[in-house]
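**Q** Okay, predicted coordinates and the sequence, questions at the end:
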Amino acid sequence: MLDLQQCDVLSLFLYRFALDRDDDIVNLEQDVLDLQNFPERLEVSYEAEWRSYVRRALFKLSSDEQYQLEDKLTVLLAGNNPHFNQLLNILKTAIAVNNSTQVTVLNSPLKNYVQQLLKL
């Protein structure tokens, strides 16, 4: 059984992408694209959201769906999905930015204003 608490963010993303459904409320592609401008979201919210999503989705899978998931994961790991590869590269860049000691998040005036409102 997959231990989601021990999964790194790249593994979580692999499962989250493979389990994504068209009728999901959350748009995974848009979330990853947003990381280009807001890489801090990865650590602040996305990682926990993906962990929760994957846990629920795996619990609901039938035996046939589990085999289909294995096939999807194999294709993704082989690098045969250009869309996945594009989003994975964005994710890796966000991880590098978040782990860098030379990059600092600059708050916009709007973000500062919202943070001040939240303190009230």
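**A** Yep, that arrived.

**Q** who touches the lowest-mean-pLDDT helix or strand in the chain?
**A** Ranking every helix and strand in the chain by mean pLDDT, DSSP states H and E puts helix 109-119 at the bottom, with a mean of 82. By C-beta atoms under 8 Å, 6 or more residues apart in numbering, the surrounding residues in contact with helix 109-119 are residue 107. Using the backbone N, CA and C atoms, a C-beta is placed for each residue, glycine as well.

**Q** Can you mark which positions in it are buried?
**A** For helix 109-119, a neighbour-count test (16 or more other C-beta atoms under 10 Å) marks nothing as buried.

**Q** And stretch 9-28, by the same measure?
**A** For stretch 9-28, by 16+ other C-beta under 10 Å, it's 9, 12, 13, 14, 15, 16, 17, 18, 19, 28.

**Q** hey, C-alpha coordinates of that stretch in CSV?
**A** Extracted in CSV, the C-alpha atoms of stretch 9-28 (Å, rounded to 0.1, in the frame of the first residue of the first chain):
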residue,chain,number,x,y,z
VAL,A,9,5.7,16.1,-3.9
LEU,A,10,6.8,14.7,-7.3
SER,A,11,5.3,11.3,-6.5
LEU,A,12,2.2,12.9,-5.2
PHE,A,13,1.9,14.9,-8.5
LEU,A,14,2.3,11.7,-10.5
TYR,A,15,-0.6,10.1,-8.7
ARG,A,16,-2.7,13.3,-8.7
PHE,A,17,-2.2,13.6,-12.5
ALA,A,18,-3.0,10.0,-13.1
LEU,A,19,-6.1,10.1,-10.9
ASP,A,20,-7.4,13.4,-12.3
ARG,A,21,-10.9,13.5,-13.7
ASP,A,22,-12.4,15.9,-16.2
ASP,A,23,-15.3,16.7,-13.8
ASP,A,24,-13.1,17.7,-10.9
ILE,A,25,-13.9,21.0,-9.2
VAL,A,26,-10.2,21.7,-9.0
ASN,A,27,-8.4,22.4,-12.2
LEU,A,28,-5.0,20.6,-11.7
